[in-house]
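**Student:** coords please:
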Amino acid sequence: MVPSPAAILESVVGALGEAVTASELVRDQAIVSIRLADWIAAARRLRDDPALRFEQLIDLCGVDYRDFGAGRWTGPRFAVVAHLLSIEHNARLRVKVFAADDDFPSIDSVIDIWSCANWYERETFDLFGIVFPGHPDLRRLLTDYGFIGHPFRKDFPVSGYVEMRYDPEQQRVIYQPVSIEPREIVPRVVREAGYGAGR
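**Tutor:** Numbering: from 1, shown residues only. So this is what the prediction gives:
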């Protein structure tokens, strides 16, 4: 029998106890937030506890909560979200862990618990700048070697900082400051007064 999301949440909160700082059901998805200091122990328990057995990490990604909720968010800026699957119990769980330092976000690597975390953590480091102590090969995965910044952070400019082009005189690719002119591309729609007011 497939456990309900509420039953999954109850089992996880019961097993992890005070390590869980928040729990909720959103669209039939069980979600828990884990205290940063308890992250590795909680992850190991989620994988090894016979009542849970979340043996597979489906995804791990970063989240930038800057300006979240129209500025009403007062918690830490960066989080890592892990999506777990228990094949044995046919159950799914979303786990959030928030970094303590907004200037240098750091969350321990779970690569020793779920080996597939390798590339997920590298991608999260590359795009969000979240560091994973314990990762054996933490380097950029998607951006160029000389790339500066982390493009999924909400304060990263849409046009970037530099652009790359081939210079025929130097016969090589060069980097230069962005030359894109900012422009407004939202169309203006002017309607007569009372348009669509039930005529």
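
**Student:** contacting residues for residue 179?
**Tutor:** By C-beta atoms under 8 Å, 6 or more residues apart in numbering, the contact list for residue 179 reads residue 163. (Each C-beta comes from the backbone N, C-alpha and C, glycine too.)

**Student:** Model confidence at it, what's the number?
**Tutor:** If you check residue 179, the pLDDT there is 74.

**Student:** got it, and the one 5 residues further on?
**Tutor:** Looking at residue 184, its pLDDT reads 69.

**Student:** before we move on, what about the one 10 residues further on?
**Tutor:** Predicted confidence (pLDDT) at residue 194: the value is 66.

**Student:** do residue 167 as well
**Tutor:** Per-residue confidence (pLDDT) for residue 167: 90.

**Student:** residues in contact with stretch 21-37?
**Tutor:** By C-beta under 8 Å, 6+ apart, the residues outside stretch 21-37 that reach it are 5-6, 8-9, 12-13, 16, 18-20, 42-43, 91-100, 107.

**Student:** In strands, which of those residues fall?
**Tutor:** Judged by DSSP state E, the subset of these located in strands is 20, 91-98.

**Student:** Give me the buried entries from these.
**Tutor:** 20, 91-95, 97-98 (16 or more other C-beta atoms under 10 Å).

**Student:** sorry, back to before: which two from the ones in strands among the contacts of stretch 21-37 end up farthest apart in space?
**Tutor:** Using C-beta to C-beta, the two most remote members of those are 91 and 98, lying 23.6 Å apart.

**Student:** returning to what we had before: now render the ones in strands among the contacts of stretch 21-37 as CSV, adding pLDDT.
**Tutor:** What follows is the ones in strands among the contacts of stretch 21-37, written out as CSV (pLDDT from 0 to 100):
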residue, pLDDT
20, 97
91, 94
92, 95
93, 97
94, 98
95, 98
96, 98
97, 98
98, 98
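
**Student:** closest to residue 133 among those?
**Tutor:** Set against residue 133, the nearest of those by C-beta to C-beta is residue 97 (13.1 Å).

**Student:** was I right about the closest one contacting residue 80?
**Tutor:** Yes - with contact defined as C-beta atoms under 8 Å, residue 97 reaches residue 80; the gap is 5.1 Å.

**Student:** What ranges does this protein have for its strands?
**Tutor:** 20-26, 29-34, 56-64, 78-86, 91-98, 162-167, 172-177.

**Student:** Tell me where this structure is predicted with low confidence.
**Tutor:** Along the chain, the model assigns pLDDT under 70 to residues 1, 180, 182-184, 187-191, 194-199.

**Student:** Lovely, talk soon.
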